[in-house]
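In: My questions are about this predicted structure, shown below with the sequence.
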Amino acid sequence: MLLLIIFSSCKTTRFLPADQTLVIRVSIKGVDKKFQEQASLFIQKDIRPNSRLSLALYNIFNTKKGKYRTTKIRKIGESPHTLDSSLVEISRVQIEKFLKSKGYFKAEVSDTIMVKNKKANIIFSAKSGPAFTIKNIEFNISDSVVSSLYQRNRNDFTHTQIGNRFDSDSLIFEREQLYQLMKRNGYYDYLRQYVRFQVDTNLYSSQANLTMVISNPTDKGAHQLYTINQSYINIKNSNGITENIKPDSLIIDSQYVVRDYSRKFDPKLLPKFIFIRKGNLYDVTKEDLTYDRLYDLNVFRNIKIDYIKTADSSYRLNPRFEIIPLKKMSNRIEGEITFNSGRNGFNFGDTYSNRNLFGGAELLEVKARYGIQFDAAGSGNIIDRIFSRDFQLGANLVFPKLLAPFSLPQFSKNGIPHTTISSSFQLFDQKQAFSNRVFINSLTYDWKETKYKFHSVTPINIEFRRGRLDTAFRKDLEDRGFLLYVRTNDRELFNLGSRYSYTVNSLRLNTYNNFIYFRGSLDAAGNTIGLINTVIKSKRDFNGDRTIFGLPYQQYIKLETDVRLYRFFGGERQFIARLNPGVGIPYGNSDVLTFEKNFYAGGSSGIRAWQARTLGPGNYNRASLGLGSEADTLRRYLRNLDQLGEIKLEGNMEYRFKILDNFFGAKVKGAAFTDFGNVWKLRQTVENPGGEFKFNKLLNQLAIGTGAGLRFDLNYFVFRLDAGLKVKDPQFTGADQWVIKNLFNKSEFKDRYAMTNNPDKYRFVQYNFGIGMPF
């Protein structure tokens, strides 16, 4: 489709008036390679060549009868960039100034314009000359205290050294670093304008003498230091009103005067997250940190901090906080329609939020969700075609501190810690196959070690699970010897466990930087109960499992890591490589993992050429369930239950790039990707022949998919569409695994597959819709 759009508008000049010329190429010659990209930024945007796709879209939607529209112009694509000699001259001058700012004081830039068939080629030619170096640096600083402060800290940030190439960007950086240094050390009135640089060049030696001048304020002999005095904190109501309202007032620690006009906050809450303290020197970083922590509480809509100088000559500042809170309560209703591999359905949910529940910025969230999936291949009325139903109800209570019966450090400098108490219940039914009831209660602590290092600990996670197989379905499984499915899905279980996760660089995920992201998690259960049982020797059930409260308990350990390499190539181009391995090991009182604790492959954030839970384990092929109507029914009921594993390995490589700046108000970005991986069983099972992990068969058991996608960036969220193409499918053997060779005779291939795997349908391409990036 994109190629058709481009080539249908190949004659890009046919809509232009006779007196206009389209710019198709702009180049810069004679500039050092390391400055090429920067120099190109000084070419005026309106004479840079259009993106062919952007121009083609503009031509499609903004032309009529062979001419461009003059009214009702649609903001789709990009209007043609036509030759403008004045913009060429501005660009030439700016490129020349840029080169001189980089130390090429003798630089000269000329331009050449070549026009043919209403198409223009612009060439900027530079004669850079020699690069000037810094011969000597002198400092003219009137205030001796400022001079001492600067000299003590200069080596920590300066980019300007004797012998280096002169670079005005380094001088701008130096001035900014000095400004921040002064603002961190009590100089409230300090301005950037107090710094200027004097440059004396010797054109024959290609060297420059540099003098840095820091002036004093007008009519003053020195820069003045300021200290913090009394702080005044005014909390308005959610409408920003204080008139005719009597506030709750309190003076805390002899320095914070709190007036709460909303009358909903504990006055002692805010000072815990304010780092501007009486008696300290003014410090802009403490102000920034205070802004961050107060907004992190997620209860305030607007925060403003300003300073009032005291009336005396003591050079003190009274900080004043003007705060407007968010609405205390909110309700959000969500819904979605799902289309998924022969099934469709809907989900809808409701989330009630109560911010500041007890006056200390506590958050209460109550969520309810209900979903139904219909079998498109089923018959009868709409009730008869229901495949599964899912109801979930949960509540979270989040405190902005670490709650414990003993003292814990609060780590508020790097981020607000949280204690989350949660409870949830799920009721799931899959028609004529499986039902599940899960009740979970947990206590979680999370905090930031640094700005980029995040810890989450769940010391208590209590789960009760009751799974039941349909009577006829269970008998069929037992008759076939598929006891694994019976043991993992038709039983009641109690679980007492703990979880821990450690994440690095999650804050950088939405940036264009070079970095490594890491997330590691540990999930363990049954250790405490197991130790108790070694002493008390609790009773065993009919399966021989030890019990607690009359129920068997789980013992397992589950590890998973997610490692990603992000590389930025400029121009919103980015490459990501990801590896996501995991393993779950049952032991002691458990010989298998339950359904929820197993790994699965595929899905919109994994191996995207496969739908979630339709890949693996290993070389397992669902054709092994047999032929005939009984086997077809078994395949239908086992869907999403039989393609799980205790071992997981997924890898992804994705290249992201910009396509359009404006498409109905969204920035359009593209992605090309390759995914690989699978899940495996720890040991051989009768239910999944070929599904066990063997290192010498690893390559033979890996699935490979490739594809492309679009990301529509609306600033506040990203809507994603990916199309994944199967390349290598491990359910087949030998050369037949390379299913991509059947792409052009896919009808015949699908017919053969339907004969052995009915009612499963083989899809070479899997479409994935999502909100946000896959990783």
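Out: Arrived safely, thanks for sending. Model, not experiment: these values are computed from the prediction. Numbering: from 1, shown residues only.
In: By mean pLDDT, point me to the weakest helix or strand of the protein.
Out: helix 2-8 (a mean of 53; mean pLDDT, DSSP states H and E).
In: ok, then the element right after it?
Out: strand 22-29 (DSSP states H and E).
In: Which strands and helices lie in contact with that next one?
Out: helix 33-40, strand 119-127 (3 or more C-beta pairs under 8 Å, 6 or more residues apart in numbering; DSSP states H and E). Backbone N, C-alpha and C define where each C-beta goes, glycine included.
In: I'd like the distance between residue 761 and residue 626.
Out: Note on residue 761: its distance to residue 626, by C-beta to C-beta, to the nearest Å, is 18 Å.
In: what's the answer for residue 638, then?
Out: Counting by C-beta to C-beta, the gap from residue 638 to residue 626 is 12 Å.
In: Please apply the same query to residue 535.
Out: From residue 535 to residue 626 the distance is 48 Å (C-beta to C-beta).
In: who's more crowded, these two?
Out: residue 626 (13 against 7; other C-beta atoms under 10 Å).
In: after the helix or strand harbouring residue 421, next one along is what?
Out: Using DSSP H and E, residue 421 sits in strand 418-430. Using DSSP H and E, the helix or strand that directly follows strand 418-430 along the chain is strand 434-448.
In: in what helix or strand does the closest residue in space to residue 422 that isn't next to it in sequence lie?
Out: Of all residues not flanking residue 422 in the chain, residue 396 sits nearest, at 4.6 Å (C-beta to C-beta, 6 or more residues apart in numbering). In the assignment (DSSP H and E), residue 396 maps to strand 386-399.
In: Please enumerate residues in contact with that strand?
Out: 343, 345, 347, 357, 360, 362-375, 378, 418-431 (C-beta atoms under 8 Å, 6 or more residues apart in numbering).
In: Just checking: what are the partner strands of it?
Out: strand 363-375 (antiparallel), strand 418-430 (antiparallel) (DSSP bridges).
In: Adding mean neighbour count, distance to residue 62 and mean pLDDT, write the ones you listed out as TSV.
Out: Below are those laid out as TSV (neighbours: other C-beta atoms under 10 Å; distance: least, C-beta to C-beta, whole Å; pLDDT from 0 to 100):
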stretch	mean neighbour count	distance to residue 62	mean pLDDT
strand 363-375	17	43	92
strand 418-430	17	51	94
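In: and the residue of the chain positioned farthest from its centre, which of the three is it?
Out: In the chain, the residue that sits farthest from the middle, by C-alpha atoms, centre = their mean, is residue 204; the gap is 53.6 Å. Under DSSP: H, G, I helix; E, B strand; the rest coil, residue 204 falls in the coil class.
In: Next up, the contacts around it.
Out: Residue 204 neighbours (C-beta under 8 Å, 6+ apart): none.
In: again with residue 42
Out: By C-beta under 8 Å, 6+ apart, the neighbours of residue 42 are 91, 94-95, 97-98.
In: In the strand holding residue 396, which residues are buried?
Out: 386-390, 392, 394, 396-399 (16 or more other C-beta atoms under 10 Å).
In: Kindly report the same for stretch 589-608.
Out: So for stretch 589-608, counting by 16+ other C-beta under 10 Å, buried means 589-590, 592-595, 597-608.
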